[in-house]
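Trainee: Just the structure for this:
(2 chains)
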Amino acid sequence: MSGTPTSTSTTNPVEDPPPASTPAMTSAATTTLRNIDMLRFATAGSVDDGKSTLIGRLLYDSKAIFEDQLSAVEETSRRMGDEYTNLALLTDGLRAEREQGITIDVAYRYFATPRRKFVIADTPGHIQYTRNMVTGASTADLAIVLVDARKGLVEQSRRHAFLVTLLRVPHLVLAVNKMDLVDWSQARYEELYEEFTAFATKLEIPDLTVIPISALHGDNIVQRSAHMPWYDGSSLVHYLENVHVASDRNLTDVRFPVQYVLRPQSHDVRDYRGYAGQVAGGVLKPGDEVVVLPSGFATRIKSIDTFDGPVEQAYPPMSVVVRLEDELDISRGDLICRPHNQPHVTQDIEARVCWMDEQTKLRPGMKVRVKHTTRQARAVVKDLQYRLDVNSLHRDESASQLQLNEIGRISMRTQQPLFVDDYGRNRATGGFILIDEASNRTVAAGMVVSGA
Amino acid sequence: MPLEPSSVGRRRRKTPVRSHPTVRSRPLPGEEGITRMADGGDYRLSQLDSLEAESIHIMREVVAEMERPCLLFSGGKDSIVMLHLARKAFWPARIPFPVMHVDTGQNFPEVLEFRDRLVRELGVQLIVASVQDAIDRGLVREEPNGSRNRIQTPVLLEAAEKHRFDCLFGGARRDEERARAKERVFSFRDEFGQWDPKNQRPELWSLYNGRVFPGESIRVFPLSNWTELDIWSYIEGHGVALPSIYLAHEREVFQRDGMLYAVNEHCQPKKGEPTLTAVVRYRTVGDATLTAAVESDADTVAKVVAEVAATRVTERGATRGDDKVSEAAMEDRKREGYF
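Mentor: Below you'll find the predicted structure:
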């Protein structure tokens, strides 16, 4: 074999090949799970906004809740004297949390409809809120911020919306919950709508949708609510199923961080040298002229390989193996891009950071390890320009440190150059984490700010 | 200046995606276009392809950054899919880490045969950590109910220490159980192999922190975001081979606690538990003493997929006696160093 990958499709399913499947049996699940795409969303709300009830409702109505899970929750509800089954219990994870009635961490939930599979990053609404919200939002295509229709926008609602925009989540849904408790009032909904959109003009929200709901009773969750005929928008699930997210990825700037060099040592495959990685931006095609950073050598893409055979193009978030026309010295942490569209190659990083560690604080002069794409480097924090008050958006330029859950703007000098883009342009090449070398803990999330 | 995303993809929509992903020598019946999005263009990736890409990225990240990884292989469908993904991640090279089976000595024979054939075919090293051997040596004691599930944990930890593995791949999924919904992809374990939910590292984007000091380790779960139905749909779409007991077959069984157990050398009916012959399949493959079968006539993978899509009981709830012990059973086992 000359190094050209041929298909090595796996052999027999199960010991004896099964008879050809009958269309009737394959229809439901195969069309649902194979051809649908995925939407990741984060949920945010204060303690009593009904977030757990909303998630319980979504899981229940989409039949992602199983009978044994439901009966366990019903039993607990009865034991605790609840009047109705407390759907919030479906998502309370750890015993420590149930005993204390709190949620300590981001939990991930899954459900699917015939149109989409959904991954929910369920972030708790109180202590350590910022850290969890930032974590959950980092991979989200969409965020749902819940408000209680009776209470209206509170400080936390504004903070949630700000964090969603800080993390550049492309779509924001404001879910006005507990509409049943304000008599399904159109006037109240419109009041909140106006208030929030006025606030939102201060933020860069690419796409905002406001939906009045009752998570408890299921109004405007799956079906349009009969109680709110004045609302002419989509139900929440209908919106989640149809919101266009495919083009939220950056398909313009080719970015391929080399993750691992494949050089098989075997008699079957000789002289194979491939660069494995996940496409972080743009569309790669065989024959494309490319440049490899940091060396700057130019070459062409010879082929893009996968186990299932070569492909004609690779785009985010595909994991592939790229082979190049020329033998170059390339290793993990290098980056393949196009000659006329390159990231910034720099040791001086300007960034917004969110500090995530209880035990340490960010201070100018401190040394950290930065992990950015597939590259790691040591770095020193040169300067803290300001600390941002996430409630008022006020910049405190006199701040000398950042502690847990605080956000600020820093300058940082790295020992080796990083290949960065502005976080707003590409979340994969603009995001990084900071690691404390003394404890190995992940202490911060960073988002590159680049003027270009 | 934020990117204006809506203009980016749409401009290119006229170029249809014909290529991704698969060129396959032998398509399976009825599976044309399985991984291609129905409407072609737009550079879309189906959710199963996205999951596969994510899992492959995770496995490559481990091999690039960790010293001595190892894959935990139970012979169950999740670990089989995980091994299949490992093969894909490093192809055309071989899987660059060994595979470890914590062997309770109470296996279904079909699963052991399958395991041996698969590791031979893949050319990976198999390490067997024997629970029986650990009992004989006095490391662990047999539990009164005969289940060896709980005592697997010390055996696993001992083997990992002996081989100095700093990373163990596990096939756990977050949809399996509530305690797992908060699990990281890279789950930090202290020098006693223990999991502390309050001492986990935040995980952002796809940046994983696998840095450990000597003695500490990381459990890595590449299938975190897969559901049971995803696993089955993938098995069907990619023709992944499975042990035969996953498909409906005739078997001598008896009822206990509302579940169907197979009669075998490890599991015998007590008085008042009449046996019957039923058509059953397994939804999980664990210890032969406490893994129950479900009545099913799904004798092809496609039928299993349809059945899973319609099912109303979790696979653990339906077939695992050990998780029924208490609401927090899994949480306790995780803390002790189980997956």
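Trainee: And chain A, what are its domain boundaries?
Mentor: Using automatic domain parsing, the domains assigned to chain A come out as A:34-248, A:256-337, A:344-451.
Trainee: Isn't residue B:125 up against residue B:98?
Mentor: Yes. Under the criterion of C-beta atoms under 8 Å, residue B:125 makes contact with residue B:98 at 3.9 Å. Using the backbone N, CA and C atoms, a C-beta is placed for each residue, glycine as well.
Trainee: between those two, which one's more packed in?
Mentor: Counted by other C-beta atoms under 10 Å in any protein chain shown, residue B:125 and residue B:98 do not tie: residue B:98 has more neighbours, with 17 against 12.
Trainee: my guess is that one meets residue B:123, correct?
Mentor: No. Checked against C-beta under 8 Å, the pair residue B:98 and residue B:123 is beyond contact range at 11.1 Å.
Trainee: For the domains of chain A, give me a markdown table that also has mean neighbour count, mean pLDDT and distance to chain B.
Mentor: Output for the domains of chain A, formatted as a markdown table (neighbours: other C-beta atoms under 10 Å in any protein chain shown; pLDDT from 0 to 100; distance: least, C-beta to the nearest C-beta, whole Å):
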| stretch | mean neighbour count | mean pLDDT | distance to chain B |
| --- | --- | --- | --- |
| domain A:34-248 | 20 | 86 | 3 |
| domain A:256-337 | 19 | 95 | 3 |
| domain A:344-451 | 19 | 96 | 4 |
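Trainee: Is it possible to get a markdown table of these that adds distance to residue B:182?
Mentor: Below are those laid out as a markdown table (distance: least, C-beta to C-beta, whole Å):
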| stretch | distance to residue B:182 |
| --- | --- |
| domain A:34-248 | 5 |
| domain A:256-337 | 23 |
| domain A:344-451 | 16 |
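Trainee: now the helices for chain B?
Mentor: For chain B, helices defined by DSSP state H occupy the ranges B:5-11, B:47-65, B:77-90, B:109-122, B:131-137, B:152-162, B:228-238, B:301-310, B:315-319, B:329-336.
Trainee: Dump those helices to a markdown table, plus distance to residue A:74.
Mentor: Shown next, in a markdown table, are the helices of chain B (distance: least, C-beta to C-beta, whole Å):
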| stretch | distance to residue A:74 |
| --- | --- |
| helix B:5-11 | 43 |
| helix B:47-65 | 31 |
| helix B:77-90 | 29 |
| helix B:109-122 | 36 |
| helix B:131-137 | 37 |
| helix B:152-162 | 32 |
| helix B:228-238 | 22 |
| helix B:301-310 | 22 |
| helix B:315-319 | 14 |
| helix B:329-336 | 19 |
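Trainee: Can you lay out the ones you listed as CSV showing mean neighbour count?
Mentor: Formatted as CSV, the helices of chain B follow (neighbours: other C-beta atoms under 10 Å in any protein chain shown):
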stretch, mean neighbour count
helix B:5-11, 16
helix B:47-65, 24
helix B:77-90, 24
helix B:109-122, 16
helix B:131-137, 15
helix B:152-162, 19
helix B:228-238, 24
helix B:301-310, 22
helix B:315-319, 20
helix B:329-336, 18
